[in-house]
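Asks: Kindly generate the corresponding structure for this input.
(one chain, ligands or ions: 1)
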Amino acid sequence: MCGIVGYVGKKDAVEVLLEGLKKLEYRGYDSAGIAVIIDKELHIRRSVGKLCNLEENLAKNPLSISARIGIGHTRWATHGRPSEENAHPHTDSTKNIGIVHNGIIENYVELRSKLEKNGKNFKSETDTEVIAHLIKKHYNNNLLNAVQKTLSELGGSYALGIICMNEPDKILCARHNAPLIIGVGKGENFIASDILALLPYTREMIFLENGDIAEITADKIVIKDIKDNNITTREIKSVRWDAMQAKKDGYKHFMLKEIFEQPRTIEDTFRGRIYPDEGKVHIEEVKLKEKDIKKISNIYIVACGTSYHSALVSKFLFENFTRIPTEVDIASEFRYRAPILNENILVVVISQSGETADTLAALRFAKSRNCQTLAVCNVVGSTMSREAMYVIYTYCGPEIGVASTKAFTGQLTILYILALDWAYKRETLAKNELKTYLKELWEVPVKISKFLKNTEFVNDIAKLFAHKRDFLYLGRHVNHPVALEGALKLKEISYIHAEGYAAGEMKHGPIALVDESMPIVVIAVKSKVYEKIISNIEEAKARGATIIAVANESDKEIKHKSDHVIYVPKTDEFVSPLITVVPLQLLAYYIAVLLGRDIDQPRNLAKSVTVE
Ligand code: M6R
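Replies: Residues are numbered from 1 along each chain as shown. Below is the predicted model:
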């Protein structure tokens, strides 16, 4: 959730840290801070609220000279409200040690009370501050040693960056169940919670593993095992993303840019993996042979938020095409409901970040039950991508808007390809059908581009409804999860209450909510359930609702049944979520803009939820 950065080298450390924090701000934005060492003295600046407040603070209280080493943090509060005292970096009582932390120290109450009994004064309500006091307690002219001793006392999760004024040329970092990456430079090195903060400086990265502790100077990186102190070798990986992808590119918000990027990101995700003319699919990453695919008895798909919605769509794909019984679970529930698992079951985890704590825990749970595991991730080198048996990447590039958009369509693209490929291999789908479905997918980017050419009318609809207090979203079959996703998008960025429902469920309760003040967004594209959804529209209209239908361009009747129509190009019903979701993303976006909301960093949210 929180973002951490660190720098040691010849550049102005404050500039590098602020630049890195800007890239990480989407992970949390309750408060931010930096600590640097100048002339063997620790200097700290912290501010509540967004990063711009920290920048103002630094402008008012500048450092006397440039620092060459430092750490920084952007916070998403877990323990302790957002305040300057609770903002990171934290220090020990003598201000010797500076520390930034992402994660949760679960035994901090016990540790804190012991330290307080021994006379330590705490300045914050955070779990993190105990770490600074413990390091100081164990410090005997060897920071590495002191940190190792401290870590052996901690329970919970951490990614840590630590500096000490007695050893002013090094950063120590360690990880356990929270992501941490080292950026490898020339005469300089970096640490960060994710790739984005490092891209402006280097593409050479080391992804630390749980149990790693690293000692980093400008010229050297030494990684050790926290427990036995043995040196560990970790591969330096070259990352494909480039810094330009993480810029707004003339768009007002990242979310809008990411919505408009979808034709390209979908194409990038399927290019080289599907060949419609030949009816061929090539997914290099999954080394399952035909006989192994035939052996899969059940699929469980586990995810959170938007990724959970793409999982719900893919249940239809896997069951319809492969005939493998498929269940979908919310990751935070999965391991607590005692699912029946064994080695013939494939557990698929879907996660843009590859770091979501609950999804990661579900993956580990599945592994502990001997299941085969597959991760669908966007972030290269993320924890899930490394821990799952197989990983398939969506090639969406960095998604920075907290509201997920292009990751959803990227995930659907992968899941669609996978379901078709396995269906063919399991002989539940004929070659000509495979070709037809692949062609449908191939045409999706062009169809979305066509839709995105004129979006002004979606904005016009937004203007009519931005003042509403509640919204309903209805869909059936594969478009039921899209209704859920449309409602989630509206909720999270506009703060308007919205519910997604399976349209057929309306008369079992929710229809009681319907009156003249209720806008209902209905996904009514042509499919086997088209007639049914039209009946659901009639039922809602009869109770005074205002209907905004998402329908196919060829549908001449729909305008007589609804108040507003958003027309989208026609496609096969199983592929349709890739297209129907786009107007819903845009509608939420335009409404939130009209309400003056913080689009890319909505209140109370963070991009990756790395705590349970
Ligand atoms: O990185 P992940 O895909 O695992 O993230 C899952 C959810 O936290 C994420 O989709 C969240 O719901 C987004 N804010 C939705 O827009």
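
Asks: can you pull the contacts of Tyr416?
Replies: Tyr416 sits next to Ser314, Leu317, Tyr437, Leu441, Phe574, Val575, Leu578 when contact means CB atoms under 8 Å, 6 or more residues apart in numbering. No exception for glycine: its C-beta is placed from N, CA and C like everyone else's.

Asks: And Glu290, by the same measure?
Replies: Lys425.

Asks: Around the ligand, which positions in the stretch 351-500 of the chain sit nearby?
Replies: For the stretch 351-500 of the chain, the contact set with the ligand under CB under 6 Å from any ligand atom comprises Ser351, Gln352, Ser353, Thr356, Thr359, Val402, Ala403, Ser404, Glu492.

Asks: Tally up the residues packed near the last one, please.
Replies: Read it as Glu492. The local packing of Glu492 (other CB atoms under 10 Å) involves 21 other residues.

Asks: same check, this time on the fifth one
Replies: Neighbours of Thr359 under the rule other CB under 10 Å: 30.

Asks: Looking at the residue in the chain positioned nearest to the ligand now. What's its pLDDT?
Replies: Closest approach of the chain to the ligand (CB to the nearest ligand atom) occurs at Gly305, with a separation of 1.9 Å. If you check Gly305, the pLDDT there is 97.

Asks: go on, Lys561?
Replies: At Lys561, the model reports a pLDDT of 94.

Asks: Surely it touches Ile533?
Replies: No - Lys561 is not in contact with Ile533 according to CB atoms under 8 Å; the separation is 9.9 Å.

Asks: Does Lys491 touch Ala498 like I think?
Replies: Yes - counting by CB under 8 Å, Lys491 does reach Ala498; the two are 5.1 Å apart.

Asks: Which of the two has more residues huddled nearby?
Replies: The neighbour count for Lys491 versus Ala498, taken as other CB under 10 Å, is higher for Ala498 (24 against 18).

Asks: neighbours around Pro200, how many?
Replies: Around Pro200 there are 16 residues (other CB under 10 Å).

Asks: and it, that's in a strand?
Replies: No - under DSSP: H, G, I helix; E, B strand; the rest coil, Pro200 falls outside any strand and is assigned coil.

Asks: pretty sure it contacts Glu19?
Replies: Yes - assessed by CB under 8 Å, Pro200 is found in contact with Glu19 at 6.3 Å.

Asks: State the distance from Glu456 to Asn53.
Replies: 36 Å (CB to CB, to the nearest Å).

Asks: what does Arg81 give?
Replies: 16 Å.

Asks: Of the two, which one has the most company?
Replies: Taking other CB under 10 Å, Arg81 and Asn53 do not tie; Asn53 has more neighbours (15 against 11).

Asks: Just give the closest residue to the more buried one, not the sequence neighbours.
Replies: Take Asn53 and drop its neighbours on the chain: the residue closest to it by CB to CB, 6 or more residues apart in numbering is Ser47, 4.0 Å away.

Asks: Ramachandran angles for the one you found?
Replies: Main-chain torsions, Ser47, degrees, to the nearest 10: phi -150, psi 150.

Asks: So what pairs up with it in the strands?
Replies: Ala32 (DSSP bridges).

Asks: pretty sure it contacts Asn86?
Replies: No - using CB under 8 Å, Ser47 is not in contact with Asn86, being 11.8 Å away.

Asks: Overlap in contacts, the two.
Replies: Ser31.

Asks: Which one's more surrounded, those two?
Replies: Asn86 (23 against 19).

Asks: Where does the more buried one sit: helix, strand or coil?
Replies: coil.

Asks: Wait, it touches Ala32, no?
Replies: No - using CB under 8 Å as the test, Asn86 is too far from Ala32 to be in contact (11.8 Å).

Asks: Show me where the stretch 201-350 of the chain has its strands.
Replies: With DSSP state E, counting those that start in this stretch as the criterion, the stretch 201-350 of the chain has strands at 204-207, 212-216, 221-225, 237-238, 274-275, 280-281, 298-303, 326-330, 345-351.
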